[in-house]
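>>> Got a sequence here, can you model it:
(one chain, ligands or ions: 1)
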Amino acid sequence: MSLQSIKYTRGSLEILDQLLLPVQSKYLPVRGVEDGWKVINKMQVRGAPAIAIVGCLSLAVEIHPEEFESKKSLRQELEGKLNYLVSARPTAVNMKIAADELLVLANDLTKDDDVDVAAMKQRFLNATEAMLKKDIADNRAIGAHGAKAILQRVAAAAGAPMSGPVRVLTHCNTGSLATAGYGTALGVVRQLSELGKLEHVYCTETRPYNQGARLTAYELVHEKLPATLVLDSMVAALLRAKNVAAVVVGADRVAANGDTANKIGTYQIAVVARHHDVPFYVAAPLTSIDLHIPSGDHIIIEERPDREMTHVGEHRIAAPGINCWNPAFDVTPASLITGIITERGVFKPAQLKEAITKLLES
Ligand SMILES: CSC[C@H]1O[C@H](OP(=O)(O)O)[C@H](O)[C@@H]1O
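You can find the predicted model right below:
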């Protein structure tokens, strides 16, 4: 069993085909941007951070063997292919943010007379490769901030100086299979476990792609964490019966006001959590936060093929001819979010824009 979603050395990229998990662990070669776009669009690799990393590394492996006649021609190639990669899936912002940052780098290097075209290509390759280590470091920081925030919140609610082990609920897959490693919301779960403070983690099935049943359960079993799979329809009954201390989920795009687009079903979990007075946290790196949009109303929600709902593999489970609505994400309003856990700290939605702006300026 492997939890490494991405295998990369300079000139070579492979991704773990997540459509085959948990039954088969198979790596696919990604030889360039066309392959990168396809494996992202087909969700053979998925997860907001992993999408950006695989997209950018697919460009890196494509340009690695190429010689460019000028910096201008290299920059033009980079811009066209980065924009193409952004189109693979519209909701997660990470690929767009990565593309914008790499284009700023390409423009700066184009203008720098002390940098020749070979050096410019090397600098670009270095920048894409740095995303792998940075993502894992960010996730460990998210895990630490998130575990501390949840334990402090639980202790305060109990009027106790410290919290004992807690039960948490998570949705979809936000672990090593959605990132370069460790995970975001699942990174918080891992950190709680490392602190000896994880009594139990519940993961939802997450229909129709079943990221929870197929991927999160795979990760949790692999690491022998105390975990139980629940159906998406069980969340209200779970929060009523099982003393869940907190909900922690991932994000695909967080708007400036804290509204958060995440896997379909997240919104109704947040509503149920509010009804049961269970704190609801979003765990997301700064690379998932889009300060360019004021609210969740501006987030494009990807709609995916009906077949993802009507079939499980080759087996039809829905009546032929029935209409389907298959949005891959929904938007949870900031009013239902207790805190947004990032690698730079935990922020209330109302604090987010000012706090992140200051961090980005510093
Ligand atoms: C850290 S992954 C963030 C996010 O991405 C997943 O969506 P998908 O599986 O469609 O790529 C899910 O919404 C996770 O919460």
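
>>> Next, name the residue at the spatial heart of this protein.
residue 48 (3.5 Å; Cα atoms, centre = their mean).

>>> I'd like to know how far the closest residue to residue 62 other than its chain neighbours sits from residue 179.
Using Cβ to Cβ, 6 or more residues apart in numbering and skipping the chain neighbours, the partner closest in space to residue 62 is residue 32 (3.6 Å). C-beta coordinates here come from the backbone N, C-alpha and C atoms, glycine included. For residue 32, the distance to residue 179 equals 23 Å [Cβ to Cβ, to the nearest Å].

>>> How far does the helix or strand containing residue 129 sit from its chain's centre?
Under the criterion of DSSP states H and E, residue 129 resides in helix 117-158. How far helix 117-158 lies from its chain's middle: 12 Å, per Cα atoms, centre = their mean, to the nearest Å.

>>> Could you do stretch 216-236 as well?
18 Å.

>>> Quick check: end-to-end length of it?
End-to-end distance for stretch 216-236, by Cα to Cα, to the nearest Å: 20 Å.

>>> Kindly report the same for stretch 305-312.
Terminal-residue distance, stretch 305-312 (Cα to Cα): 13 Å.

>>> Please identify the buried residues of that stretch?
Burial within stretch 305-312, assessed by neighbour count using 16 or more other Cβ atoms under 10 Å, is assigned to 308, 309, 310.

>>> Same question for stretch 36-52.
Neighbour-count burial for stretch 36-52 [16+ other Cβ under 10 Å]: 36-37, 39-40, 43-52.

>>> Likewise for stretch 191-200?
Buried residues in stretch 191-200 (16+ other Cβ under 10 Å): 191, 192, 193, 197, 198, 200.

>>> Closest to the ligand out of these?
Comparing the buried residues of stretch 191-200 against the ligand with Cβ to the nearest ligand atom places residue 191 closest, at 15.0 Å.

>>> Now the element after the particular helix or strand that has that closest one in it, going C-ward?
Element membership for residue 191 (DSSP H and E) is helix 185-194. As assigned by DSSP H and E, the chain's next helix or strand after helix 185-194 is strand 198-204.

>>> can I assume residue 220 sits in a helix?
Yes - assessed by DSSP: H, G, I helix; E, B strand; the rest coil, residue 220 belongs to a helix.

>>> got the contact list for it?
Each residue near residue 220 by Cβ atoms under 8 Å, 6 or more residues apart in numbering is listed here: 189, 201, 203, 227.

>>> Quick one: neighbours of residue 118, just the number.
Per other Cβ atoms under 10 Å, the neighbour tally for residue 118 reads 12.

>>> how close does it sit to the ligand?
As judged by Cβ to the nearest ligand atom, to the nearest Å, residue 118 and the ligand stand 35 Å apart.

>>> mind listing what the residue of the chain found nearest the ligand touches?
Going by Cβ to the nearest ligand atom, the ligand is nearest to residue 250 of the chain, at 2.8 Å. Residues near residue 250 by Cβ under 8 Å, 6+ apart: 47-48, 171-172, 174, 178, 184-185, 262-263, 282-284, 288.

>>> restrict the residues you listed to those near the ligand?
47, 48, 172, 174, 178, 184, 262, 263 (Cβ under 6 Å from any ligand atom).

>>> Among the residues you listed, which pair sits farthest apart?
184 and 263 (12.3 Å; Cβ to Cβ).

>>> More neighbours: which of the two?
Shown here are residue 184 and residue 263; by other Cβ under 10 Å, residue 184 has more neighbours (32 against 27).

>>> hang on, the earlier thing: per-residue confidence at the residue nearest to residue 62?
Model confidence at residue 32, given as pLDDT, is 98.

>>> And it, how close does it get to residue 38?
Residue 32 is 10 Å from residue 38, by Cβ to Cβ.

>>> just the helices in this structure please.
33-41, 48-63, 71-86, 94-111, 117-158, 185-194, 217-222, 235-241, 266-275, 307-310, 349-361 (DSSP state H).

>>> how about the residues of the stretch 1-150 of the chain that lie near the ligand?
Close to the ligand, as judged by Cβ under 6 Å from any ligand atom, the stretch 1-150 of the chain has residues 46, 47, 48, 49.

>>> Tell me who's in contact with the residue nearest to residue 62.
Neighbour list for residue 32: 58, 59, 61, 62 [criterion: Cβ under 8 Å, 6+ apart].

>>> Just the mean pLDDT for stretch 354-362, thanks.
Rounded mean pLDDT across stretch 354-362 is 93.
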